[in-house]
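J.: Fold the following, please.
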Amino acid sequence: MNILVTGFEPFAHFSGNPSQTVALTVPPPVGVNLSRLVLPVVANESVVRLMQAVEEIRPAAVLALGLAAGRRAIALERLAVNLDDFTVTDNAGNLRRDTPVVPDGPPTLWTTLPIRAMEAALRADELPVEISYSAGTYLCNHLFYAGLYALRQRRLPCRFGFVHLPPTPDLEAGGLPLTRQQHAVTRLLEVLRDTTGSDVWSSPRP
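T.: Sure, this is the predicted structure:
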C-alpha cells in the first residue's frame, strides 16, 4: 500500500519542527510503501506541492503532520475550517487575515482518516492522544482544508487528514520525546494500512 506522510519545515521562532523530523524518519510498517514529503510553510505553495505528490505517487492515504506549540498530546484533527487568520507571517512573509482558504468553499470539511481507530491504537500503547476540533487558522489548517477540498474537486480516491504533534523537549519544556512521536505515527500508519483498500487507484475515478 502506498501512503504519503508529510511534515512542515521550521517556522516562526522554532529552530526545528518535529513534523519534519518524524516525516523523514518514521519507520514504515510492514506492508506500507511510505513516501515522505517536507512542505514549505508557505500557504499556497504547500498545497501545490502536496497535490503534485498525490498525482505522482497515487497514495491510498495521506497523513499530514504539523507542530502545535503548547500541546502535550498527539492531536487527531477532525475538522478543517475555511479560514486563514495568521497571527504571524508564513515563511514567505505572507500575512493572511480573515481570508477564506478557498473562496466560495464550504465553511468546514471533515477528515477522511479513521481517527476513532487511530485514537484507540494510541491509547492502547499508552501514548498521549486527543481528538481535536480545531486545527487553528495558520498553515496546518490551510493545508488540511485545501487538501481535502482539492481531493474532493478532483475526485481522487485518497484518504486525507491532519495530525498535530507536540513540541519535542528541546523546543519546549514538557514536550513529547521524538522517539514516542515516531512510535505514535507508525501506529497511525498501521491503522491506515489495516482500514484502507490498497487498490483505490486501480478503479476509474467516480
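
J.: which SSE is the most centrally placed residue in the chain in?
T.: Nearest to the geometric centre of the chain sits residue 64, at 1.9 Å (Cα atoms, centre = their mean). According to DSSP states H and E, residue 64 maps onto strand 61-67.

J.: Could you export that strand as PDB, CA atoms only?
T.: Extracted C-alpha coordinates of strand 61-67, given in PDB (Å, rounded to 0.1, in the frame of the first residue of the first chain):
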ATOM      1  CA  ALA A  61      -3.900   7.800   2.100                       C
ATOM      2  CA  VAL A  62      -2.000  11.000   3.100                       C
ATOM      3  CA  LEU A  63      -1.100  11.600   6.700                       C
ATOM      4  CA  ALA A  64      -0.200  15.200   7.100                       C
ATOM      5  CA  LEU A  65       1.700  16.300  10.200                       C
ATOM      6  CA  GLY A  66       2.400  19.600  11.800                       C
ATOM      7  CA  LEU A  67       3.700  21.200  15.000                       C
END
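
J.: Show residues contacting that strand.
T.: 3-8, 14, 17-19, 22-23, 50, 54, 113, 139-140, 143-144, 147, 158-167, 185, 188-189, 192, 196 (Cβ atoms under 8 Å, 6 or more residues apart in numbering). For the C-beta atoms, the positions are set from N, CA and C on the backbone; glycine is no exception.

J.: hmm, 6 Å instead?
T.: 3-8, 17-19, 23, 140, 143, 159-160, 162-165, 192, 196 (Cβ atoms under 6 Å, 6 or more residues apart in numbering).

J.: Please enumerate the helices of this structure.
T.: 18-25, 43-57, 115-124, 139-154, 178-195 (DSSP state H).

J.: any chance of those helices in TSV, plus distance to residue 96 and mean pLDDT?
T.: As requested, these are exported to TSV (distance: least, Cβ to Cβ, whole Å; pLDDT from 0 to 100):
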stretch	distance to residue 96	mean pLDDT
helix 18-25	20	97
helix 43-57	6	97
helix 115-124	27	98
helix 139-154	8	97
helix 178-195	28	97
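
J.: Of all those, which one is nearest residue 92?
T.: helix 43-57 (7.4 Å; Cβ to Cβ).

J.: CA atoms only: put the closest one into PDB for me.
T.: Taking C-alpha atoms only, helix 43-57 is exported to PDB below (Å, rounded to 0.1, in the frame of the first residue of the first chain):
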ATOM      1  CA  ALA A  43       0.300  29.000   2.200                       C
ATOM      2  CA  ASN A  44      -0.400  28.300  -1.500                       C
ATOM      3  CA  GLU A  45       2.900  26.600  -2.300                       C
ATOM      4  CA  SER A  46       2.400  23.900   0.300                       C
ATOM      5  CA  VAL A  47      -0.900  22.900  -1.300                       C
ATOM      6  CA  VAL A  48       0.600  22.900  -4.800                       C
ATOM      7  CA  ARG A  49       3.400  20.600  -3.700                       C
ATOM      8  CA  LEU A  50       1.100  18.300  -1.800                       C
ATOM      9  CA  MET A  51      -1.200  17.800  -4.800                       C
ATOM     10  CA  GLN A  52       1.700  17.300  -7.200                       C
ATOM     11  CA  ALA A  53       2.900  14.500  -4.900                       C
ATOM     12  CA  VAL A  54      -0.500  12.900  -4.700                       C
ATOM     13  CA  GLU A  55      -0.800  12.800  -8.500                       C
ATOM     14  CA  GLU A  56       2.700  11.300  -8.900                       C
ATOM     15  CA  ILE A  57       2.600   8.800  -6.000                       C
END
